[in-house]
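**Student:** 3D, please:
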Amino acid sequence: MLHKRAFTLPALSLATAVLLPGLPTTAATAADQQRAPAFHTEASALDLARSTGQPVQVNSETTEDTEVFANPDGTLTARITNQAVRVQRNGLWVPIDTGLKFDGAGTVRPTATVVDVTLSGGGTGPMVVLRDGTKQLALTWPGALPVPALDNDTATYPEVLPGVDLKLRVSTYGIAQVLVVKSAAG
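**Tutor:** Here you go, the predicted structure:
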């Protein structure tokens, strides 16, 4: 059995990003469920690897940053990354995808990130909401936000101030905000 290890990530960086590791995300899609592998414990993965001559993923040891494979020769191989590359949704692991889209509630959400992030779709509600179970952090903008333009992981709110755009970029663990000053006049 492999031993679990703990890593500490920054909880909050006030300069331009909010980081909250280990938060839940939204439900898996039907496509995610279709490509889900059969579940294997270490013992069953080793048995299957020996019988097929092919490596088999040990799902019981998979985490956001680690994959373990049983090899046909009876050994185990772990692939460990320095940050999350997948998140669990309804018992399935799906790849991190910070791409943004409008949801049915009039807000903007990333496809699959460690942090449960909701961005404003425009209006006077919160600019950003980050959730962890019953805990929530909301950031607001002092006024109504326009509907953002979405470009992959970035939502751009044009003209939040005269000559200034607000950009919110979603990452694996949180968000970063940048004010783009388009003109020194004003």
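**Student:** How is the chain divided into domains?
**Tutor:** Using automatic domain parsing, the domain parsing of the chain gives 17-26+95-181, 30-92.
**Student:** Dump these to a markdown table, plus mean pLDDT and mean neighbour count.
**Tutor:** Using the backbone N, CA and C atoms, a C-beta is placed for each residue, glycine as well. A markdown table is the format used below for these (pLDDT from 0 to 100; neighbours: other Cβ atoms under 10 Å):
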| stretch | mean pLDDT | mean neighbour count |
| --- | --- | --- |
| domain 17-26+95-181 | 88 | 17 |
| domain 30-92 | 84 | 15 |
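**Student:** tell me which residues form a beta bridge with residue 139?
**Tutor:** Under the criterion DSSP bridges, residue 139 forms beta bridges with residue 128.
**Student:** Look up the closest residue to residue 148, ignoring the ones flanking it.
**Tutor:** Closest residue in space to residue 148, ignoring its immediate chain neighbours: residue 155 at 3.9 Å, by Cβ to Cβ, 6 or more residues apart in numbering.
**Student:** is it true that that neighbour lies in a strand?
**Tutor:** Yes: counting by DSSP: H, G, I helix; E, B strand; the rest coil, one finds residue 155 located in a strand.
**Student:** Show me the beta-bridge partners of it.
**Tutor:** Note on residue 155: beta-bridge partners residue 150, residue 168, judged by DSSP bridges.
**Student:** so it makes contact with residue 176?
**Tutor:** No: using Cβ atoms under 8 Å, residue 155 is not in contact with residue 176, being 11.4 Å away.
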